[in-house]
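1. compute the structure for the input listed below.
(chains A, B, C and D)
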There are 2 protein chains.
Amino acid sequence: MNMNDSSPMYLQVARRLMDDMQAGHYRPDQALPSERALSEQFGVSRVTARKAIDQLVEQGLVVRKHGSGNYISQRELPLPSLSGFSAQMQQRGHAPSSTWLKREIVLANAEEQLSLGLTPDDRVVRLERLRLADGEVMAHEVAVLPLDIVPDPGAIKDSLYQYLSEHDRLPVRALQQIRAANATEVLAEELGVEVGDAVLFVTRVGYLASGRAVELTYAYCRSLNVAQTPSY
Amino acid sequence: MNMNDSSPMYLQVARRLMDDMQAGHYRPDQALPSERALSEQFGVSRVTARKAIDQLVEQGLVVRKHGSGNYISQRELPLPSLSGFSAQMQQRGHAPSSTWLKREIVLANAEEQLSLGLTPDDRVVRLERLRLADGEVMAHEVAVLPLDIVPDPGAIKDSLYQYLSEHDRLPVRALQQIRAANATEVLAEELGVEVGDAVLFVTRVGYLASGRAVELTYAYCRSLNVAQTPSY
DNA sequence: CAGTGGTCTAGACCACCGC
DNA sequence: CGGTGGTCTAGACCACTGA
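-> Next up is the predicted model:
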């Protein structure tokens, strides 16, 4: 391995295995070569081979079976895309739209540095929008991404998702925190609720398969009033 | 380490660090001791110390900063109630219901110990349900809670939320991880989708105001197919 | 520059599987 | 039983941070 490629070996190995899987060299429910065999085949240590397989497991492409083997998980094409992900925050059957508030390039603040693993010098793209469903404001959303992930923010139209997808930078994993907060005056105005009403504050960090954090989003959402059973 | 505890060292170390964080020994935005220091402190190799930190990173409690340190990323807790929280996962105006699959008391497994801050001896209540909206299966959900939080699981009817609320044990903060996965055969059957279809795998840990983790839930949900704009 | 995390190795022992 | 994954070690080099 490792000719003309400066990326870590375990990622190279993972990519090779993924390519082989897509090319059909391995079939669903078939075991991969053993970790010891892979380490020899690729000329890496077993630890490194394992780390490569970790990547595939994380993406749901492979399942580990202790004492037995690592198996290709059953499915068609490896498209573990997180598509329509934040649509979870919206009602079904409503037409989503958004209003741009800001689209700027700025230095990352402390929180953004921490979440995205940046330095004080690093610049980020900050996208601020009101999200609507059927013309009704549902959320005030701020998305922050490292500038090297979104070099030309002007090219983003309505869908950040689509932009990232086209550039092969779609998060495959996300960490999301949900809290309740009380609407401030400004927020209440924006969301069309009463001041002090409970709203949801959602923070999300999206990660690439490599583990790099590429998206920090925080949003104030109108709480969805649950009719009957809170059905926790 | 490793007295009276057969679980892997890296989990023990992870749990120790988590306890220390919750006890307030580390403050948000503060760096943990270096990996080399930790490995010495706990008498493990650096690889093992790293693996422990991996666990914390995975749970969003710690952020790595190359060349600098591993930082606590704990967000602070709010006051208002998190009511109707997971209703976000459901469509509005649909009648929620559920089918019980299991309701059992068992020993906590390693992952549950870590997430809920338990020891191998601690018992947990495991609630396994299919969640429906208008009779349509939306999710296969497993909720795990420490036994002392839910001493009489039989008293839980349809709503875990309601039960916790009545006992004043409602989480006020939650950490949620969302991943995409492909439906296995069993899962596809349960959720009424095609094998290999993308489904969401949601892991959530709920915390009391005191900071104690009281709820670990993981669920496979049908992806909500967004009609037009993916509207990331 | 010294200290940090990121990667990698070679070798070891254990727990589990299936024959 | 042999082969598998699961864990662990001690030591090494690199890339990056921050004073």
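
2. run a quick neighbour tally on A:D152.
-> Counted with other CB atoms under 10 Å in any protein chain shown, residues neighbouring A:D152 total 10. All C-beta atoms are positioned from the backbone trio N, CA, C, and that covers glycine.

3. ok, now A:G24?
-> Counted by other CB under 10 Å, the residues lying close to A:G24 total 7.

4. and it, how far from A:M138?
-> Using CB to CB, to the nearest Å, A:G24 is found at 43 Å from A:M138.

5. got it, and A:R27?
-> A:R27 sits at a distance of 44 Å from A:M138 (criterion: CB to CB).

6. beta partners of A:Y218?
-> A:V142, A:T203 (DSSP bridges).

7. what residues does it make contact with?
-> Taking CB atoms under 8 Å, 6 or more residues apart in numbering or on different chains, we find A:Y218 in contact with A:141-142, A:201-204.

8. how much space between it and A:H167?
-> Note on A:Y218: its distance to A:H167, by CB to CB, is 23 Å.

9. and if you look at A:E104?
-> 20 Å.

10. with neighbour numbers in mind, choose between those two.
-> For the pair A:E104 and A:H167, the greater number of neighbours falls to A:H167 (13 against 10), based on other CB under 10 Å.

11. what helix or strand is A:V63 on?
-> strand A:62-65 (DSSP states H and E).

12. next one: that strand, is it in contact with DNA strand D?
-> Yes - counting by CB under 7 Å from any atom of the strand, DNA strand D is contacted by strand A:62-65 at A:64-65.

13. that strand near chain B at all?
-> No - if you take CB under 8 Å from any CB of the partner chain as the test, strand A:62-65 misses chain B, and the best it gets is 9.2 Å.

14. give me the domain ranges for chain A.
-> Per automatic domain parsing, the structural domains of chain A span A:9-73, A:76-227.

15. in CSV: those domains, plus distance to DNA strand C and mean pLDDT.
-> Shown next, in CSV, are the domains of chain A (distance: least, CB to the nearest atom of the strand, whole Å; pLDDT from 0 to 100):
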stretch, distance to DNA strand C, mean pLDDT
domain A:9-73, 3, 86
domain A:76-227, 7, 70
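
16. now render these as a markdown table, adding distance to B:R64.
-> Below are these laid out as a markdown table (distance: least, CB to CB, whole Å):
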| stretch | distance to B:R64 |
| --- | --- |
| domain A:9-73 | 15 |
| domain A:76-227 | 7 |
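
17. if I look at the residue of chain A positioned farthest from its centre, how far off is A:R46?
-> Relative to the C-alpha centroid of chain A, counting by CA atoms, centre = their mean, A:E40 is the outermost residue, at 33.3 Å. Counting by CB to CB, the gap from A:E40 to A:R46 is 9 Å.
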